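1. The following comprises the amino acid sequence and a computationally predicted model.
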Amino acid sequence: MITFETARSLAARLEEAWNAGDGAAFGEAFTADADFVTVRGELHQGREAIARGHQGIFDSIYAGSRVEYTVVDTRTVRDGVGIAHLSAVLKVPAGPLAGDHRALATVVIVSGENGPELTAFHNTLIG
């Protein structure tokens, strides 16, 4: 069963990695074959691509940024598979995207060999 606490634990891992500017750690929350759709509609496939893509933004447009994820809801789809919605507030200190940004993500969580992992993440800007 995928619980609220399962989703919160994964969200905390993502938050910690983002706030450290660590793309590799961000990618570690995902399955090897995960899909990630960015707020701009770009598709990154696979843990390594997700990690590389995030390191790229941590080193450029989102340098020094901080994110806070809040789990909105969760539900179990079947044994070992769940869906959660994460609300995000991103604070960007400088550059062309400076300011606060809000987003809502739909994530698919699966039970993996090393515990719960994200296998899909679709991120959408709010307002």
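-> Yep, it's here. Residues are numbered from 1 along each chain as shown.
2. Now for the residue nearest to Asp33 when sequence neighbours are not counted: which residues touch it?
-> Leaving out its chain neighbours, the residue that sits closest to Asp33 by Cβ to Cβ, 6 or more residues apart in numbering is Gly46, at 6.1 Å. Where you see a C-beta, it was placed from the backbone N, CA and C, and this is true even at glycine. By Cβ atoms under 8 Å, 6 or more residues apart in numbering, the residues touching Gly46 are 32-34.
3. so of those, which ones are in strands?
-> In strands, judged by DSSP state E, the following of the contacts of Gly46 are found: 32-34.
4. Show me the one in these that has more neighbours than the rest.
-> For the ones in strands among the contacts of Gly46, neighbours were counted by other Cβ atoms under 10 Å; the highest total belongs to Ala34, with 22 neighbours.
5. Tell me if I'm right that that residue and Arg47 touch.
-> Yes. Under the criterion of Cβ atoms under 8 Å, Ala34 makes contact with Arg47 at 5.9 Å.
6. does Leu14 sit in a helix or strand, and which one?
-> When elements are assigned from DSSP states H and E, Leu14 belongs to helix 4-20.
7. shaky segments in the protein?
-> Per-residue confidence for the chain (pLDDT under 70) gives no ranges below the cut-off.
8. What are the boundaries of the strands in it?
-> Counting by DSSP E, the chain has strands at residues 30-37, 43-45, 66-78, 81-92, 99-112, 115-126.
9. May I have the strands that pair with the longest one, each with its orientation?
-> Based on DSSP bridges, the pairing partners of strand 99-112 within the sheet are strand 81-92 (antiparallel), strand 115-126 (antiparallel).
10. Count the neighbours of the closest residue to Glu48 other than its chain neighbours for me.
-> The spatially closest residue to Glu48, leaving aside those adjacent along the chain, is Gly27, at 6.8 Å (Cβ to Cβ, 6+ apart). Neighbourhood size, Gly27 [other Cβ under 10 Å]: 25.
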